[in-house]
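1. Predicted model, plus sequence, below.
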Amino acid sequence: MVTEACKKNHITVNGVVAKPSKEVFPTDKITFRKDQITQIITVLDIPENRVGAKLVDIYRRNDTPAEVYQHLELLKLSKEHYRKSGTGRPTKKDRRDIDDYGNEIHEDEEDDLNSNF
C-alpha cells in the first residue's frame, strides 16, 4: 500500500515527494493522507531489526494536530445526523417536515427584517 502511495506522489518526507526506496533518518517528518486526514509523523529512531506493530510507536511520534481529529469526528456526526445510510428516499412526512423547517427559518428572517422598520 505504501509503495503504491509513493508512486502516486501521496507521501512526502521533509516536504519532498518520496520514492518507494527513499531512506528515512531520525528527525525526518513524513506527511501522508489517510482517512481524510493529513497525518504528520516524525521519525524518532530507526530500529536495528524488524519490530512488531505494538513496538512501532517507540520509534515514531504523531505530530498531527488534535483539531484535525476533532474535525473528522464532526464530519462523521454531521453525516449521520440527517438520515441514516440505507433508509431510502424521504417519505411524504419527511418532505413536509423539511419544508416546514425551511419555512420557519424564512419566516423568522422576515420577522427580523420587519421589526427593524
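-> Right, received. Where do you want to start?
2. what number of residues lie near residue 11?
-> Look at residue 11: counted by other CB atoms under 10 Å, it has 19 neighbours. (C-beta placed from N, C-alpha, C; glycine too.)
3. typo on my end, it should be residue 42
-> 13.
4. contacting residues around the helix or strand containing it?
-> Element membership for residue 42, per DSSP states H and E: strand 37-43. Residues outside strand 37-43 that contact it (CB atoms under 8 Å, 6 or more residues apart in numbering) are 24-33, 59-64, 68-69, 72.
5. Would you list the strands that it pairs with, along with their directions?
-> If you go by DSSP bridges, strand 37-43 pairs up with strand 29-34 (antiparallel), strand 60-62 (antiparallel).
6. and residue 90, how many neighbours?
-> Residues near residue 90, counting by other CB under 10 Å: 13.
7. Now list the buried members of the contacts of strand 37-43.
-> Neighbour-count burial (16 or more other CB atoms under 10 Å) is assigned, among the contacts of strand 37-43, to 28, 30, 31, 32.
8. How is the chain divided into domains?
-> Listed by the TED database, the domain ranges of the chain are 1-64, 66-103.
9. So which bits of the shortest one are buried?
-> By that I understand domain 66-103. Going by 16+ other CB under 10 Å, domain 66-103 has no buried residues at all.
10. next one: stretch 43-50
-> For stretch 43-50, a neighbour-count test (16+ other CB under 10 Å) marks residue 43 as buried.
11. what's the spacing between it and its chain's center?
-> 28 Å (CA atoms, centre = their mean, to the nearest Å).
12. Over to stretch 4-21?
-> That offset, for stretch 4-21, works out to 20 Å (CA atoms, centre = their mean).
13. Please report the distance of the residue nearest to residue 60 when sequence neighbours are not counted from residue 13.
-> Closest residue to residue 60 apart from its sequence neighbours, by CB to CB, 6 or more residues apart in numbering: residue 41 at 5.3 Å. In this view, residue 41 and residue 13 are 10 Å apart by CB to CB, to the nearest Å.
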